[in-house]
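1. sequence and computational prediction follow.
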Amino acid sequence: MATTKERICETALRLFNEKGYDAVSLRDIAAAAQTSVGNVTYHFGKKEDLLAVLLRDLHKDFKSKLESGLKGDDLMKHMVSTFRAAKRSEEEYPFYFRNLNQIYASSQAVREENDAFEADLQAHYVTCLKKLQKGELVRDNISSDTFEAIAFMMVHMESTWLIESAPDANPSMGNMTIDEALTVLFAQLLTKKGRKALASAEKR
């Protein structure tokens, strides 16, 4: 059975996704979670604190899937898995990705949490790309600076794919999910051997 704190988090996430972060109050969360406003503020203080906990849970879950000891085909599978995890994060926390700019403006703590996560993810991608290059799965004419730039773009895409001004919200530009877009970008870096490994990884 979920604890009161867990029930509040689950309820808040559901309401934020249904109505948007700004449209939901602590009173709304308390009522839907069948508890008191006092209980909510006891556990979280204010709405921004509750949001920070939800975001830490999102990042903790995503980072638990990041593995640094892999190489070769196993690392290629990991990259594909990471791209798919980005899509799942957007599906489970759409309110956050759609309203990123507004949320950033309302909570410095949330911005700092997200900035730290993005920096860690960028570093992870750079490490993975360099390892894949050593394994002859990524082209050998790609520099470290280019890896940094590619990793930056990948993280930026993951963060902003669902915001209202993003291409995904533009019906005239077609419909591509974040994992599809990341895979297309990533594939441009690969050798023939790497593209074969990617095709195999995508089938799993």
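-> Sure, I can see it. Numbering: from 1, shown residues only.
2. enumerate the positions of the longest helix along the chain that are buried.
-> Longest helix of the chain, by residue count under DSSP state H: helix 108-134. Of all the residues in helix 108-134, those buried under the rule 16 or more other Cβ atoms under 10 Å are 110, 113-114, 117-118, 121-122, 124-126, 128-129, 131-133. Yep, even glycine has a C-beta here, placed from its N, CA and C like the rest.
3. stretch 39-46 too?
-> So for stretch 39-46, counting by 16+ other Cβ under 10 Å, buried means 39-40, 43-44.
4. looks to me like Lys65 is in a strand.
-> No: with DSSP: H, G, I helix; E, B strand; the rest coil as the criterion, Lys65 is coil rather than part of a strand.
5. how many residues are close by it?
-> When neighbours are defined as other Cβ atoms under 10 Å, Lys65 has 12 of them.
6. state the number of residues packed around the closest residue to Asp120 other than its chain neighbours.
-> The spatially closest residue to Asp120, leaving aside those adjacent along the chain, is Lys63, at 7.0 Å (Cβ to Cβ, 6 or more residues apart in numbering). Using other Cβ under 10 Å, Lys63 has 13 neighbouring residues.
7. residues contacting the residue most central in space within the chain?
-> The centre of the chain sits closest to Ala86, judged by Cα atoms, centre = their mean, with a distance of 4.5 Å. With contact taken as Cβ atoms under 8 Å, 6 or more residues apart in numbering, Ala86 is in contact with 62, 158, 178-179, 182.
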